[in-house]
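# Any chance you can model this:
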Amino acid sequence: MPPPQPRLALHDASSVPLPLLCSRDRARACTIDSFAAPLDALNLPAPAPTPACAPPSPLCTPDFLASFPEPERIILHQLGTVLHAGYGTTVRRIRLASGCDIVVKHGPEIRPEEVDAMRFVREHSAVPVPEVYDVRIWDEDVVFIYMEYISGDTFAAVYPTLALDAQRALRTQLASLVHELHALRAPPGALVGCFDPDDAVGDNLDVRLAALVGATRRAKPASTRMTSTRELVAWIRAEYLARARERPALRGAPTAGQPERWWDALYAPRLDPDAPLVFSHGDLHPFNLVVRDGEIVAMLDFGRAGWWPEWLDAHIAASGSPYMQPVTRSNAPSSNV
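Next comes the predicted model:
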């Protein structure tokens, strides 16, 4: 394992402006002042007190930003070590001339709003998220995010090697981090699945639903301007029923022509239509968590983050790995886990 890199605090955006934040056309500040009460429905432990934010780092200066390789050079020379590649995204660890390591995430599937989500989490919670240094665009629409490198291994790699007490502590920390994210409630009028309030596309809607019912057609809803969990659940139900009738054998869907009864028995209890919209990671699985010395030191990949019902992260986490079960309602950490 490489030696830990010093944490570099995100620069003050007013002194060293990012060329791009919330969209390809202009920068926007993303703020919210409302914080939620504890999420009793998830039965998660209360998070530890939020520490004071780190002061701006003197290392993140215009000269520091100027030392970053340009996107074209990264592509042409295949710079750095590839940490991940797939689904239209490549993540590279690149060492600068100064000896500092950074991570560059790029690809045609990267959304600029991911930067907004990361900055939002850093500014309004103590959830550990890599600090974004810069965002650049190559070939008109390929986004490059330059961010902090945080050393460690994935939750998936570390968890099986730990003793039972250490596993329990890691699961408890994970549940606490989810609790803290979900304490950030959506502002009035926020669109389901969209962190950017100006984004009416709702691209994230069809991507996350397979983890919930496993039988959506991955179609866009007729109206992408959903503003409540009840609207979302109604659309999921309609998609599920249509899919079940088209392919009755898919994922155990009933063959007796009674998909409504199957929905009511199996899925409706899991999708509370009255659940509040909260800030959610949207892709919470063990490869998006970095662990070092028995603690989660980074939560990665906020490309699907947005305002979702509070049950979404729990269902995605539980479906992705048995190690992630503690963030569900029925498997919260306890003394006998």
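# which stretches of the stretch 1-150 of the chain form helices?
Secondary structure of the stretch 1-150 of the chain (DSSP state H, counting those that start in this stretch): helices located at 62-66, 71-77, 113-124.
# right, I mislabeled it, should have said the stretch 201-337 of the chain
Ranges of helices in the stretch 201-337 of the chain, per DSSP H, counting those that start in this stretch, are 205-208, 210-213, 229-246, 259-262, 312-320.
# Turn these into a markdown table, columns for mean neighbour count.
Just so you know, the C-beta spots here come from the backbone N, C-alpha and C atoms, and that holds for glycine as well. Shown next, in a markdown table, are those (neighbours: other Cβ atoms under 10 Å):
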| stretch | mean neighbour count |
| --- | --- |
| helix 205-208 | 20 |
| helix 210-213 | 18 |
| helix 229-246 | 18 |
| helix 259-262 | 16 |
| helix 312-320 | 23 |
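# Redo those as TSV? Include mean pLDDT and distance to residue 275.
Below are those laid out as TSV (pLDDT from 0 to 100; distance: least, Cβ to Cβ, whole Å):
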stretch	mean pLDDT	distance to residue 275
helix 205-208	54	14
helix 210-213	56	12
helix 229-246	82	5
helix 259-262	82	22
helix 312-320	79	9
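# how about the ones you listed, which one is nearest residue 192?
helix 229-246 (5.1 Å; Cβ to Cβ).
# helices and strands around the closest one, which ones?
helix 210-213, helix 259-262, strand 306-309 (3 or more Cβ pairs under 8 Å, 6 or more residues apart in numbering; DSSP states H and E).
# picking that back up, for residue 72, which of the helices of the stretch 201-337 of the chain is the nearest?
Nearest to residue 72 among the helices of the stretch 201-337 of the chain is helix 205-208 (29.4 Å), distances taken as Cβ to Cβ.
# what's the neighbour count on residue 125?
By other Cβ atoms under 10 Å, the residues close to residue 125 number 18.
# what's the closest non-adjacent residue to it?
Excluding its sequence neighbours, the residue lying closest to residue 125 (Cβ to Cβ, 6 or more residues apart in numbering) is residue 180, at 5.1 Å.
# What are the buried residues along the strand or helix carrying that neighbour?
Per DSSP states H and E, residue 180 falls inside helix 164-182. Residues 167-168, 170-182 are the ones in helix 164-182 that count as buried (16 or more other Cβ atoms under 10 Å).
# what do you get for stretch 280-298?
Buried residues in stretch 280-298, defined by neighbour count with 16+ other Cβ under 10 Å: 280-286, 288-291, 296-298.
# Go through those residues and flag which are in strands.
280, 289-291, 296-298 (DSSP state E).
# Now flag whichever of the residues you listed is closest to residue 310.
residue 280 (7.4 Å).
# In contact with the nearest residue to the closest one once chain neighbours are set aside, which residues are there?
Once flanking residues are discounted, residue 280 sits nearest to residue 308: 3.9 Å by Cβ to Cβ, 6+ apart. Listed by Cβ atoms under 8 Å, 6 or more residues apart in numbering, the contact partners of residue 308 are 192-193, 208, 277-278, 280, 282.
# before we move on, what about residue 149?
Contact analysis of residue 149 by Cβ under 8 Å, 6+ apart lists 5, 93, 101-103, 130.
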